[in-house]
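> How does the following fold in three dimensions:
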Amino acid sequence: MGRDASSSDARGWNDPASTVGVLDIGTSKICCLIATRTSPPRLLGLGHQRARGIKAGIIVDMDEAEQSIRAAVAQAERQAGVTLTSVHVSISGGQLQSQHFTANTPVAGSTVIDGDINRLIEGARQFTERDGRSLVHLNNIAYRLDASPNLREPRGMAGHNLSGDMHAVTAEDSTVRNLRLVIERCYLRAESFVPSGLASARAVITAEEMRAGIVVIDIGAGTTSIAVVADGQDLFVASVPIGGNHLTFDIMNAIGTPLAEAERIKVLYGTMGEAYSDEREVVTYPRLVQSETELYQMTKAQLRNLIRPRVESLLSQAVEKLVAGGMQAYGNNRIVLTGGTAQLMGLPMFAGRHLAMAVRVAAPQPIAGMASSSSSPAFATLLGLLAAAANPATLPLMEQRNPAEQSGYFGRMGQWLRQSF
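Here you go, the predicted structure:
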């Protein structure tokens with residue numbers, strides 16, 4: 001979609017309530033997408049900038065990160081013809097950790113009401129936000145009311161004690177605070193944080209996979225995000241500090257070529273598959289020797305041997321995370337790979353053999369008005385963020401409450417009146 005056309009089409013969407021903005025902050029790129037809140041959504045604007053000041057999902061230079069985010073958001077706003085005030089944001093750094101626990105609260109009246117649910121959620125938040133950790137995602141796997149287990153919707157039911165089997169994802173407090181600060185410096189509010197792995201899962205797995213159980217591994221530039229979804233519930237999130245950039249660095253260090261050339265070699269010739277021609281097919285690359293550039297050669301087989309140890313380490317660490325979290329049984333021995341590095345040739349077959357699991361690579365479905373080039377695996381997190389933001393029921397529990405109930409004197413007074421009378 002051209003910029004002029006999208007700006008013209010978007011003039012009827014200048015009401016912020018009719019649009020939604022999402023922001024994917026990655027190590028290599030920052031993407032901002034603005035879409036309509038219709039079902040299905042329609043693209044209004046897309047901004048895409050090279051990331052600066054960010055490493056492995058963590059802000060390392062506030063000024064550079066701010067400039068990159070501002071540029072991506074401004075590009076999307078110009079195309080959409082709207083000004084964003086808030087965005088849903090991906091988070092992949094800060095040593096994301098999952099935990100499962102049970103929260104309890106007494107039922108205040110004769111039946112369960114919203115106030116009881118909110119009290120349960122607030123208790124869960126306080127339980128998780130300790131030891132320098134911030135809560136970024138909370139979902140309820142099942143409610144229990146007295147002796148009745150596995151309830152999906154307890155509101156309106158009679159009982160005395162309400163419990164919730166919770167899944168929470170926390171990150172280092174400093175990572176979350178710095179992300180929030182840099183977004184506020186861009187005159188935006190972070191409406192929610194969504195773990196990158198869960199966002200990607202929303203974009204690339206099928207309804208059947210969501211019910212049966214699946215592991216999603218999103219291989220980004222600086223980190224690899226892992227998510228497990230089963231029975232329609234988010235069950236697990238983790239990350240591995242290895243991504244596509246590490247493959248590039250391995251190539252650069254091994255053959256002494258510039259970083260940009262190493263990236264080109266990886267993208268064009270990198271493969272995990274094996275073919276007889278790999279021993280004969282030659283890759284030519286420049287190398288700086290004594291202030292002069294000389295050309296060298298290696299075979300595709302030699303290139304594969306350079307990157308194979310790093311890929312094996314990445315996959316092994318991902319499985320170790322699953323085993324440590326007790327999640328290997330919930331993935332149904334099936335893995336969906338996504339993210340930019342998932343496009344490495346031959347990776348699905350190699351991963352399937354290495355892990356002894358069924359593996360496929362998946363890309364998100366583009367929304368109306370989006371070019372096919374923007375719906376590759378590299379954009380899974382971005383489109384997953386949009387899927388989550390467009391359906392409030394899929395957002396973390398703490399984001400589903402009425403904002404008026406979350407802060408402020410009048411909000412707290414209104415909540416007290418509703419619970420008391």
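> mind showing which ranges of the stretch 301-421 of the chain have poor pLDDT?
Residues of the stretch 301-421 of the chain that meet the criterion pLDDT under 70 lie in 392-421.
> mind listing the strands for it?
Under the criterion DSSP state E, counting those that start in this stretch, strands of the stretch 301-421 of the chain are mapped to 334-338, 358-361.
> so which of the ones you listed comes closest to residue 321?
Evaluated over those, closeness to residue 321 peaks at strand 334-338, with 12.7 Å, by Cβ to Cβ. The way it works is simple: take the backbone N, C-alpha and C, and place the C-beta from them, glycine included.
> mind checking how far that closest one is from the chain centre?
On the basis of Cα atoms, centre = their mean, to the nearest Å, strand 334-338 sits 14 Å off its chain's mean C-alpha point.
> Just put the strands of the stretch 301-421 of the chain in CSV and tack on mean neighbour count and distance to residue 322.
As requested, these are exported to CSV (neighbours: other Cβ atoms under 10 Å; distance: least, Cβ to Cβ, whole Å):
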stretch, mean neighbour count, distance to residue 322
strand 334-338, 25, 10
strand 358-361, 18, 14
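> okay, the ones you listed in CSV with distance to residue 203 next?
Shown next, in CSV, are the strands of the stretch 301-421 of the chain (distance: least, Cβ to Cβ, whole Å):
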stretch, distance to residue 203
strand 334-338, 8
strand 358-361, 13
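> Report the contact partners of residue 380.
199, 200, 203, 204, 218, 338, 339, 362, 363, 364 (Cβ atoms under 8 Å, 6 or more residues apart in numbering).
> Run a quick neighbour tally on the second one.
The one in question is residue 200. If you count neighbours by other Cβ atoms under 10 Å, residue 200 ends up with 36.
> What helix or strand is it located in?
Under the criterion of DSSP states H and E, residue 200 resides in helix 196-204.
> which residue is nearest the middle of the chain?
Taking Cα atoms, centre = their mean, the centroid of the chain lies closest to residue 196, which sits 1.2 Å from it.
> my read: that one touches residue 92, true?
Yes - applying Cβ atoms under 8 Å as the test, residue 196 and residue 92 come out as touching, 4.0 Å apart.
> what residues do those two have in common as contacts?
Common neighbours of residue 196 and residue 92 (Cβ under 8 Å, 6+ apart) are 57, 220, 223, 225, 239.
> now these in JSON lines, with secondary structure?
What follows is these, written out as JSON lines (DSSP: H, G, I helix; E, B strand; the rest coil):
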{"residue": "57", "secondary structure": "coil"}
{"residue": "220", "secondary structure": "coil"}
{"residue": "223", "secondary structure": "coil"}
{"residue": "225", "secondary structure": "strand"}
{"residue": "239", "secondary structure": "strand"}
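> Sort out which one of the residues you listed lies nearest residue 263 for me.
Closest to residue 263 out of the shared contacts of residue 196 and residue 92 is residue 220 (14.4 Å), distances taken as Cβ to Cβ.
> Next up, identify which helix or strand residue 43 is on.
Counting by DSSP H and E, residue 43 is part of strand 43-50.
> ranking the contacts of residue 380 by neighbours, who comes first?
residue 200 (36 neighbours).
> That one: what's it in contact with?
216, 218, 225, 227, 338, 339, 380, 381, 384.
> quick one: low-confidence parts of the protein?
In the chain (pLDDT under 70), the answer is 1-16, 289-292, 392-421.
> Spell out, range by range, the helices that occur in the stretch 1-150 of the chain.
3-9, 62-80, 114-128 (DSSP state H, counting those that start in this stretch).
> Provide the contact partners of stretch 104-114 at residue level.
The contact list for stretch 104-114 (Cβ under 8 Å, 6+ apart) reads 115-116, 119-120, 123, 145, 154-164, 418-419.
> Great, nothing more from me.
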